[in-house]
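Novice: Generate a structure from the sequence data that follows.
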Amino acid sequence: MSRELPLAAPAGQTRVEAASPTPVRVVPDGCNLGVLLRVLLAVHAVAALIVWVEPAATSAWTRFVTVAGFVAPITLLTLVAWCLLRRLLPPMAASVQRVLAWAVAPLWVAVVLALLDGPALALTPMQAAGYVVLGAVAGAAGQHYLELRERAFSPVLAEARFQALQSRIRPHFFFNSLTAVLAVLRDDPARAERMLESIAELFRAVMADVRKLVPVEQELDLCRRYVEIEQTRLGDRLHVDWRIGAIHPRARVPQLLLQPIVENAVRYGAEKVEGRCEILVCVKQHGVTLKVFVSNPIAREPVQREGNQIGLSNIRGRLALIYDLEAEMLTRVRHGRFELALRLPVEHKT
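Specialist: Below is the predicted model:
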């Protein structure tokens, strides 16, 4: 069995950095729902553990509520500060970003202690300093864990996963497209040329980085190009009802995210169902959230439904890698139609 030689690390990088490069932003994204939930759960779990092992005359529940009432606002304020730092800080060294992130939690601890100072609290200077140090340790530990987690999903390590997800789209996608061009090449060369241009745009999107954010209108144009190609192959059997609401010009989504959803509806709708296939595509924006709804008729064979889920697992995988818990995709079968509802943020992401 042949053995591949390890690649040399780029100049100026250690092997660890080459395998797990430092993200551009090491300040945790406190606005991310996944980060917020993980930090809050971790902090309250530690608080519960401390209350459980510490002997006291009062009940454990009373002490936990007291501790949680103290650490919860500090944790939320720290997350808000991290969110603002991540978005407002200019490009700078990772070490400087870490120091700034570590300083946030002890700063808020000191502020809260100063606001609560009085007979009810009655802390000595040494005790107050201990709380500040504990806040610094907790903030540094949280930042370090979240940085390690972001490294695990960094472009270098996630590239293989993205390529694997993309590869599920390519085979049937290009085979169907080329078949459609061949069907009209002799009878209508001009139309075939337009179709080849559309295929070229689709090919460019597939070969590009699928994590790249593009305007929503650009992604919808890609969907329309795909439908035009498929209508050549399927004729009047395929009809798509586009219901596109008002979308901000700066609203962006990952490239090649919506097109596979429409392709999924065509592949397991128009190709499997006899007669006219009505596909509904609704896209609208609510604030910084984009909502997508796609409905298509389905065949009754179980094989069709299994294949349908393979394509959807691809989309779910990409959403998990890019948005963590901030995106949601729900599917169901109702009245002989397959329905997909997608919700994701459209603000700029680093």
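
Novice: what's the average pLDDT for the helix or strand Leu41 falls within?
Specialist: Assessed by DSSP states H and E, Leu41 sits inside helix 33-53. Helix 33-53 comes out with an average pLDDT of 84.

Novice: so what does it touch, helix or strand wise?
Specialist: On a contact count with 3 or more Cβ pairs under 8 Å, 6 or more residues apart in numbering; DSSP states H and E, helix 33-53 meets helix 60-88, helix 125-152. C-beta here means a position set from N, CA and C on the backbone, and glycine is covered the same way.

Novice: Name the next helix or strand following the first one along the chain.
Specialist: Sequence order places helix 94-116 as the next helix or strand after helix 60-88, per DSSP H and E.

Novice: pLDDT below threshold where in the stretch 51-200 of the chain?
Specialist: 55-58, 117-122, 152-173, 176 (pLDDT under 70).

Novice: The same query, at a cut-off of 90, please.
Specialist: Within the stretch 51-200 of the chain, the segments meeting pLDDT under 90 span 51-73, 86-96, 111-132, 134-135, 145-200.

Novice: So Val67 is in contact with Leu49, correct?
Specialist: No - counting by Cβ atoms under 8 Å, Val67 sits too far from Leu49 to count as a contact (10.5 Å).

Novice: So between these two, which is more surrounded?
Specialist: Taking neighbours as other Cβ atoms under 10 Å, Val67 and Leu49 compare with Val67 leading, 18 against 10.

Novice: Tell me which residues touch that one, please.
Specialist: Counting by Cβ atoms under 8 Å, 6 or more residues apart in numbering, Val67 makes contact with Ala47, Ile50, Val51.

Novice: If we use 10 Å, what do you get?
Specialist: Val43, His44, Val46, Ala47, Ala48, Ile50, Val51, Glu54 (Cβ atoms under 10 Å, 6 or more residues apart in numbering).

Novice: Show me which of the residues you listed are buried.
Specialist: Buried subset of the contacts of Val67 (neighbour count, 16 or more other Cβ atoms under 10 Å): Val43, His44, Ala47, Val51.

Novice: Could you look up the SS state of Val333?
Specialist: Three-state call for Val333 (DSSP: H, G, I helix; E, B strand; the rest coil): strand.

Novice: hey, what's it bridged with?
Specialist: Phe338 (DSSP bridges).

Novice: Can you give me the distance of it to Leu340?
Specialist: Using Cβ to Cβ, to the nearest Å, Val333 is found at 11 Å from Leu340.

Novice: So if I had to pick from these two, which one is more boxed in?
Specialist: Each of Val333 and Leu340 has its neighbours counted (other Cβ under 10 Å); Leu340 has more, 19 against 11.

Novice: wait, is that one part of a strand?
Specialist: Yes - applying three-state DSSP, one finds Leu340 inside a strand.

Novice: List the single closest residue to it in space, sequence neighbours excluded.
Specialist: Using Cβ to Cβ, 6 or more residues apart in numbering and skipping residues adjacent in sequence, the residue nearest Leu340 is Val294, 4.7 Å away.

Novice: in a strand, that's where that neighbour is, yeah?
Specialist: Yes - counting by three-state DSSP, Val294 falls inside a strand.

Novice: what sits against it?
Specialist: Counting by Cβ under 10 Å, 6+ apart, Val294 touches 223, 240, 258, 261-262, 264-265, 269, 279-283, 331, 338-342.

Novice: now with 7 Å?
Specialist: For Val294, the contact set (Cβ atoms under 7 Å, 6 or more residues apart in numbering) comprises Ile261, Val262, Ala265, Leu280, Val281, Leu340.

Novice: List the beta-bridge partners for it.
Specialist: Counting by DSSP bridges, Val294 forms beta bridges with Val281, Leu340.

Novice: and Leu77, how many neighbours?
Specialist: Burial measure for Leu77: 18 neighbouring residues, criterion other Cβ under 10 Å.

Novice: Surely it touches Trp108?
Specialist: Yes - contact status for Leu77 versus Trp108: in contact at 4.7 Å, counting by Cβ atoms under 7 Å.

Novice: And the chain, what are its domain boundaries?
Specialist: Under automatic domain parsing, the residue ranges defining each domain of the chain are 15-152, 158-345.

Novice: Distance check, Leu76 against Arg86.
Specialist: Leu76 is 16 Å from Arg86, by Cβ to Cβ.

Novice: Tell me which of those two has more neighbours.
Specialist: Arg86 (19 against 16).

Novice: Can you name the residues that contact the residue lying closest to that one once chain neighbours are set aside?
Specialist: Nearest non-adjacent residue to Arg86, counting by Cβ to Cβ, 6+ apart: Val27, 4.5 Å away. Contact analysis of Val27 by Cβ under 7 Å, 6+ apart lists Trp82, Leu85, Arg86, Leu89, Gln97, Leu100, Ala101.

Novice: which SS class is Val27?
Specialist: coil.

Novice: Would you mind giving me the confidence score for Arg316?
Specialist: 83.

Novice: Actually, Val206.
Specialist: 68.

Novice: The one 10 residues further on too?
Specialist: The pLDDT attached to Val216 in the predicted structure is 91.

Novice: go on, the one 10 residues further on?
Specialist: Per-residue confidence for Tyr226 comes out at a pLDDT of 85.

Novice: how many other residues sit next to it?
Specialist: Tyr226, neighbours per other Cβ under 10 Å, totals 25.
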